[in-house]
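**Q** Build the 3D model from these lines:
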Amino acid sequence: MVCGILRCSGADSSQRVVVLGEYIFKVLKGRVTILGATLSPDGTAGGVHIYAPSSHSLPVIRYLESEDSEVIIRDRKSTRLNSSHR
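**A** Numbers count the residues shown, from 1 in each chain. Sure, this is the predicted structure:
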């Protein structure tokens, strides 16, 4: 799995990201929607565990219009995002 920080400026708000597998998702800046929920840095402070197998519909991460956003996606087996999640 490729892990890292994804950035989107307000001008690119129509962009969407789909990630396959098990990962931890965290919003660093701005707001995004995933599975119909709007998430912000406060709501994802500890990281949100996402399970997205290829046998199911994959969750789409959408950037909200007119906001600069940053999200981080890490392999669930990695403990670098937050040491309390193993």
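**Q** how much space between the residue at the greatest distance from the centre of the chain and Leu20?
**A** For the chain, the largest distance from the centre (CA atoms, centre = their mean) belongs to Ser55, which lies 20.0 Å off. According to CB to CB, to the nearest Å, Ser55 and Leu20 sit 10 Å apart. C-beta: built from backbone N, CA, C; applies to glycine.
**Q** For His56, which residues are in contact?
**A** Residues near His56 by CB atoms under 8 Å, 6 or more residues apart in numbering: none.
**Q** what is the rounded mean pLDDT of the strand ranked longest in the chain?
**A** For the chain, the strand that runs over the most residues, judged by DSSP state E, is strand 21-29. The pLDDT scores in strand 21-29 average 89.
**Q** Without its sequence neighbours, what residue ends up closest to the residue nearest in space to the middle of the chain?
**A** Centroid-nearest residue in the chain, with CA atoms, centre = their mean: Phe25, separated by 3.9 Å. Spatially, and ignoring its direct neighbours in sequence, Phe25 is nearest to Val48 (4.8 Å; CB to CB, 6 or more residues apart in numbering).
**Q** Contact partners for Val19?
**A** Contacts of Val19 by CB under 8 Å, 6+ apart are Met1, Ile50, Ala52, Leu58, Pro59, Ile61, Ile73.
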